[in-house]
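**Q** Quick one, fold the following:
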Amino acid sequence: MRKAVLSAVGADKTEAWTDELDVALLELDRRKDAWAGTSVSMRISILEEIKTHLLGVAEDWVKTACRKKGIPEGSPLEGEEWLGGPYALMSACNVFIRTLSQLNGKTFLKHIPIRDLPNGQIAARVLPHTKWDHLLLSGVKAEVWMQKGVTRSNLAQHTASSYDSPRVFRTGAISLVLGAGNVAAIAPLDCFQKLFVEHQVVILKMNPVNDYLIEFLTPALRPLIEFGALRIVRGGADVGSYLCNHRLIEEIHITGSEASHDVIVWGAGDEGKRNKANGTPKNRRRITSELGAVCPTIVVPGPWTAADITFQAENIATQKLQNSGFNCVACQMLILPQSWDKSDDLLKAIETVMGAAPGRPAYYPGAENRMAEFAGHAEASLDFERPNSPACVIVPFVQGQDDYLEKTEVFAPAMSVLRLAGGDAETYLKSAIEYANEKLHGTLGANILIHPRTIKAIGRDRFDALIAELRYGGIAINAWSALGFLLVQTPWGAFPGHTLDDIQSGSGFVHNSFMFDKPERTVVEAPFQPHPRNLLSFDLSLLPRPPWFITNRKARVLGKLLTAFEYRPSFVKLPRIFLNALRG
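**A** Residues are numbered from 1 along each chain as shown. Model (predicted):
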């Protein structure tokens, strides 16, 4: 068996590394039809094996990632690397196993509640789905809203359709996955989409920023590598370019920037500009993508208490500073009600939370320059100081100013704040939705923070109708849309409809363990208040401060415990999780 990890060397040895890549692709080409024809039982067995291999490398994986990102040993921030790494991958194995085990007759659909939306579309509730969901994510709900034309009666026809043809008639394909450099689980989860939903074998090119993960992904994904369905390679733009244009590559998936996507599709420099202007792609392969956005968080006025302001300030600070701000779905435009008397209090609370957050460096290349450029496009900027960390740049924004702040993803600890006029809560929310749709670049994720009594005053049907107007692939209500990434059951990607010449946040969905063919968006909703304070409002959910909050003091412990739980769920493991969750 040849090495699964190939090293790309310098330009003076181009022939050597291209030969290695050619060999890897030839090996995949020989096995692609065999993989497409594998039985469901074999795929389940492979996923079970991956879980065992993953558990064996999980701790070293997290320790290495923390060291590379500058997270101090023992810091609660280690929880981010557990949740965004081994936990997410372990959870993905479980949810795909669950779907595959009920694939015959698509019986898994019988256990998914469906409801009709005010606009005539349908929504499938994918969380809570198991008894463990009710216990570990109490009060959290996730729905997949389907595209128009998908109905209760034809949902099965638009679900897991890639499995409808007998496996003996399936033919394989080779897909190139260009991995992201920020969150560890992105690359392997993108591979799962190609492998287990689309029946394709994969060559995964890691991003140079986090190619240290090869040391752990190789043993964790060994069953796929040994079958001949996966190869993992490292290298820079030269390797990426070679693979994107290789004759054996049939499809490409990229998680990255819009600029990188356009170079792949249209070409670089003046050639790329001419091709794009003429509508003549240089690369005509099917390309799916997740490319980030200028993501908004809309704060809706309502009867917030001082405790509500503190908790939601932690939520917003997390949306900006989790992973040191290097998330494609990080909050970049905070939209506040102009006439709400609590807007200033909320901003002050956010500054306080950021000032007390655990320290870490801005590890991703180019962050300092992007932050400086971001601030340079504003008339004024504020620095929310943080201990042992670069200050978070906060820019007050007024509509009509330099639209750079609306059109450019900063991918760093920086955020704009817009004070938006509006009358009552419903009118304001409608205006904020229109603003996000029309002015902000991208459609990946949007967040709405709203008091339950405000939703009740608006009316649930009317609120859902407003949500239906918000054109984003992931929408979070009193949560962060990144939760839709972490869950894996939910499709992850841009709102459908982007074209190659205006790709914005990308095209297609990944994750999506229930294999819906035509999802439109994911909507996640969490309790507005944490347990036990929520009990005063007669909300019986049990979710305390979530483990993904940057303020959770037990995030490191919880990340490790939750990963072990996903490996082998058991009631015996719950008391330690609950105890640490309440102390977080």
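
**Q** How many neighbouring residues does residue 456 have?
**A** Residues near residue 456, counting by other CB atoms under 10 Å, number 10. Quick note: C-beta positions are derived from backbone N, CA and C, even for glycine.

**Q** ugh, typo on my part, it should be residue 149
**A** Neighbourhood size, residue 149 [other CB under 10 Å]: 9.

**Q** likewise residue 222?
**A** Residues near residue 222, counting by other CB under 10 Å: 17.

**Q** before we move on, what about residue 165?
**A** For residue 165, using other CB under 10 Å, the count is 12.

**Q** cool, and residue 336?
**A** Counted with other CB under 10 Å, residue 336 comes out at 21.

**Q** can you pull the contacts of it?
**A** Taking CB atoms under 8 Å, 6 or more residues apart in numbering, we find residue 336 in contact with 299, 343, 346, 347, 417, 418, 419, 420.

**Q** Surely it is in a helix?
**A** No. Going by DSSP: H, G, I helix; E, B strand; the rest coil, the assignment for residue 336 is strand, not a helix.

**Q** Show me what it is bridged to.
**A** Taking DSSP bridges as the rule, residue 336 bridges to residue 419.

**Q** Make a ChimeraX selection of whichever of the contacts of residue 336 turn out to be buried.
**A** A single ChimeraX command selects the buried members of the contacts of residue 336 (16 or more other CB atoms under 10 Å):
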select :299,343,346,347,417,418,419,420
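
**Q** pLDDT weak spots in this protein?
**A** 1-15, 538 (pLDDT under 70).

**Q** Check which helix or strand the residue positioned nearest the centre of it maps to.
**A** Nearest residue to the geometric centre of the chain (CA atoms, centre = their mean): residue 485, 3.4 Å. Under the criterion of DSSP states H and E, residue 485 resides in helix 483-487.

**Q** I'd like the distance from that helix to the chain centre, please.
**A** For helix 483-487, the separation from the chain centroid amounts to 6 Å (computed by CA atoms, centre = their mean, to the nearest Å).

**Q** same question, stretch 502-509
**A** The answer for stretch 502-509 is 14 Å, by CA atoms, centre = their mean.

**Q** Check stretch 483-492 too.
**A** 7 Å.

**Q** Go ahead and name everything in contact with that stretch.
**A** 83-84, 88, 91-92, 95, 126-127, 129, 140, 142, 144, 183, 189, 290, 329, 445, 473-474, 476, 509-514, 516, 519, 522, 524, 526, 548.

**Q** Using PDB, write out every CA atom in that stretch.
**A** Taking Å, rounded to 0.1, in the frame of the first residue of the first chain, the C-alpha atoms of stretch 483-492 are listed here in PDB:
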ATOM      1  CA  LEU A 483     -24.600  25.500  15.300                       C
ATOM      2  CA  GLY A 484     -26.000  24.400  12.000                       C
ATOM      3  CA  PHE A 485     -22.400  23.400  11.000                       C
ATOM      4  CA  LEU A 486     -21.800  21.600  14.200                       C
ATOM      5  CA  LEU A 487     -24.900  19.500  14.100                       C
ATOM      6  CA  VAL A 488     -24.100  17.700  10.800                       C
ATOM      7  CA  GLN A 489     -27.700  16.600  10.500                       C
ATOM      8  CA  THR A 490     -28.400  20.000   8.900                       C
ATOM      9  CA  PRO A 491     -27.400  21.000   5.400                       C
ATOM     10  CA  TRP A 492     -24.600  23.500   5.400                       C
END
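
**Q** Longest strand in the protein, please.
**A** strand 389-397 (DSSP state E).

**Q** Can I get that one as CSV, trimmed to CA atoms?
**A** In CSV, the C-alpha atoms belonging to strand 389-397 read as follows (Å, rounded to 0.1, in the frame of the first residue of the first chain):
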residue,chain,number,x,y,z
SER,A,389,-4.9,39.1,22.3
PRO,A,390,-5.3,41.7,19.5
ALA,A,391,-8.1,44.1,20.2
CYS,A,392,-11.3,43.5,18.4
VAL,A,393,-11.9,46.3,15.9
ILE,A,394,-15.4,47.7,16.2
VAL,A,395,-16.5,50.1,13.4
PRO,A,396,-19.7,52.2,13.7
PHE,A,397,-21.4,52.1,10.3
